[in-house]
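Visitor: Have a look; sequence and predicted model below, questions after that.
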Amino acid sequence: MALQRQRPEPGSWTYDDLEALPDDGRRYEIVEGELWEMTAPTWEHAVAIRNLITLLIPAFAAARASWFTAPFAVFFPGADPVQPDLLAMFPGNPGRRARRGFEGAPDFVVDAARAPAFAASGLLAHRWLVPNPPFHPRGDFGIDADGFATLEGDGPRRTYANLALVHRDLVHGIAPGTRAKLVDRLVAGIRERRITAEAYDGQWENVGTPAQLAALDRGP
């Protein structure tokens, strides 16, 4: 007598549950315990990834990075697994290769589907925050339990990594040729809960001067 495996409750999917699904030829991801079917990419999506690969291969080679394209499973907290369009791991990445894919956070990830999803979300920006470097110990913003960026006094803060998805509405109304403080608009957007953020703990360097760039070019 064979027992039928019970379908997991929403929010409780695991890799073992995914492996138990029948092979129906579809691609799936698990994000925060939810099962997502990965639809076939559009023509524009495929062209964008092709162009990115063409541009980035020389940089990956110079950095001695290992890079992969989907389908390739990546496992880290909250993602069990996901399959980014393009990812890379640089030397020194603490993750490890496994038979099922890569266990740990990649150093570089591209998921082209995030851009149209962000554009339709009503958000003004989504920002990546890194651990505070020695020269900026107080950080810039925090992240609440729902993934929204927070201001000073709302918990631990991290430093903005200068990586973001930004909607044009964030700068709407600024006349060409004039200046405006971006921070004022960010603060307003955070207070309106229209700016989200996520932590990034991979390799990151601040390049704000020619001397900092030269130091990175020289290597360790």
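Guide: Structure's in. What do you need?
Visitor: count of residues packed around Asp146?
Guide: 7 (other CB atoms under 10 Å). (Each C-beta comes from the backbone N, C-alpha and C, glycine too.)
Visitor: Following element in sequence after the helix ranked longest in the chain, please.
Guide: Criterion DSSP state H: the longest helix present in the chain is helix 43-62. Using DSSP states H and E, the next helix or strand after helix 43-62 towards the C-terminus is strand 66-69.
Visitor: where are the low-confidence patches of the chain?
Guide: 1-8, 10-11, 31-32, 77-80, 153-154, 219-220 (pLDDT under 70).
Visitor: so what's Tyr160 bridging to?
Guide: Leu129 (DSSP bridges).
Visitor: my guess is it contacts Arg127, does it?
Guide: Yes. Checked against CB atoms under 8 Å, the pair Tyr160 and Arg127 is within contact range at 5.8 Å.
Visitor: Overlap of the contact sets of those two?
Guide: Listed as contacting both Tyr160 and Arg127 by CB atoms under 8 Å, 6 or more residues apart in numbering are Phe141.
Visitor: hmm, back to that, and the longest helix of the chain, what does it pack onto?
Guide: strand 66-69, strand 86-89, strand 108-110 (3 or more CB pairs under 8 Å, 6 or more residues apart in numbering; DSSP states H and E).
Visitor: Tyr160 and Arg127: who's more crowded?
Guide: Arg127 (23 against 18).
Visitor: Can you report phi and psi for that one?
Guide: phi -120, psi 150 (degrees, to the nearest 10).
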